[in-house]
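S.K.: coords please:
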Amino acid sequence: MRRAAECPHVSGDGRVNLNFDNVSVDAGKNGLELNSQIFAESDQGLHFGGGFERVVYSSRDSFIPSSLPALLRFDQMPGKTAKIEAADGCSRFNLVSWNLGCDPVGTLCRFNITGFHRIGNTDVVTVTKLLELPQVENPSGNQLQPVVFGATELSNLSSFTVQLEVGDSRVASWWSDDLSIALVCGSTDCTDRRVAMPL
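M.R.: Residues are numbered from 1 along each chain as shown. Take a look at the predicted model:
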């Protein structure tokens, strides 16, 4: 199956790049701010579910943003899954690339990504992908791992979830920056708009 057609009128080449850097640094909060509201903006094309934090980088953080000053962190706990979806219920997108990392030093990290396509009022699983990232060696100042998705991977999605596995534990933090997607042409063919996810 070929990747669904991208929309060149969106940004010249159909790509939307989210660098998570639209922040105001608040030293009183040690650089931490909740990020959910900003990602609900329709001009970015995606909506991020609850649980994500936008972190303004400091030398104490596990990872350095691939584009300064900020990146995302998700603290995974039992029963808590990261979800990212189209900002409206009708659009679809292809995942192009993403920079990722996870906290535990000396432990292999596995990212389970599940892609969904919305049919009527139901999200149907269309693809799953397992990413294995190399172990980090330092408690702070690590580089995120660039991940480029192939032309037939994670395409024509209305949403996707990310579940992290770290050894025998499902409790860990993972980090990301510079998420690139391509909006799919001809995908606004549903009649019901998605109700925004609670933050």
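S.K.: which residues in this structure form strands?
M.R.: 15-18, 32-34, 46-48, 52-56, 63-64, 70-76, 82-86, 93-102, 109-119, 122-133, 142-143, 145-148, 159-166, 172-183 (DSSP state E).
S.K.: for these, which has the smallest mean pLDDT value?
M.R.: Among the strands of the chain, strand 32-34 has the lowest mean pLDDT, at a mean of 43.
S.K.: could you dump the strands of the chain to a markdown table with mean neighbour count?
M.R.: Just so you know, the C-beta spots here come from the backbone N, C-alpha and C atoms, and that holds for glycine as well. Shown next, in a markdown table, are those (neighbours: other Cβ atoms under 10 Å):
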| stretch | mean neighbour count |
| --- | --- |
| strand 15-18 | 17 |
| strand 32-34 | 15 |
| strand 46-48 | 23 |
| strand 52-56 | 21 |
| strand 63-64 | 22 |
| strand 70-76 | 21 |
| strand 82-86 | 22 |
| strand 93-102 | 23 |
| strand 109-119 | 18 |
| strand 122-133 | 14 |
| strand 142-143 | 16 |
| strand 145-148 | 15 |
| strand 159-166 | 19 |
| strand 172-183 | 22 |
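S.K.: surely residue 129 touches residue 110?
M.R.: No: with contact defined as Cβ atoms under 8 Å, residue 129 does not reach residue 110; the gap is 10.7 Å.
S.K.: mind listing the shared neighbours of those two?
M.R.: When contacts are counted by Cβ atoms under 8 Å, 6 or more residues apart in numbering, the set common to residue 129 and residue 110 is empty.
S.K.: what's around residue 22, how many residues?
M.R.: Residue 22 is flanked by 13 other residues according to other Cβ atoms under 10 Å.
S.K.: how close does it sit to residue 87?
M.R.: Between residue 22 and residue 87 the computed distance is 15 Å (Cβ to Cβ, to the nearest Å).
S.K.: repeat for residue 172
M.R.: Taking Cβ to Cβ, one finds residue 172 at 28 Å from residue 87.
S.K.: swap in residue 176?
M.R.: 18 Å.
S.K.: what bridges to residue 102?
M.R.: Assessed by DSSP bridges, residue 102 has beta-bridge partners residue 174.
S.K.: any idea how far the nearest residue to residue 172 once chain neighbours are set aside lies from residue 128?
M.R.: In space, and not counting its chain neighbours, residue 172 is closest to residue 166: 4.4 Å by Cβ to Cβ, 6 or more residues apart in numbering. Between residue 166 and residue 128 the computed distance is 18 Å (Cβ to Cβ).
S.K.: count the neighbours of residue 134 for me.
M.R.: Around residue 134 there are 9 residues (other Cβ under 10 Å).
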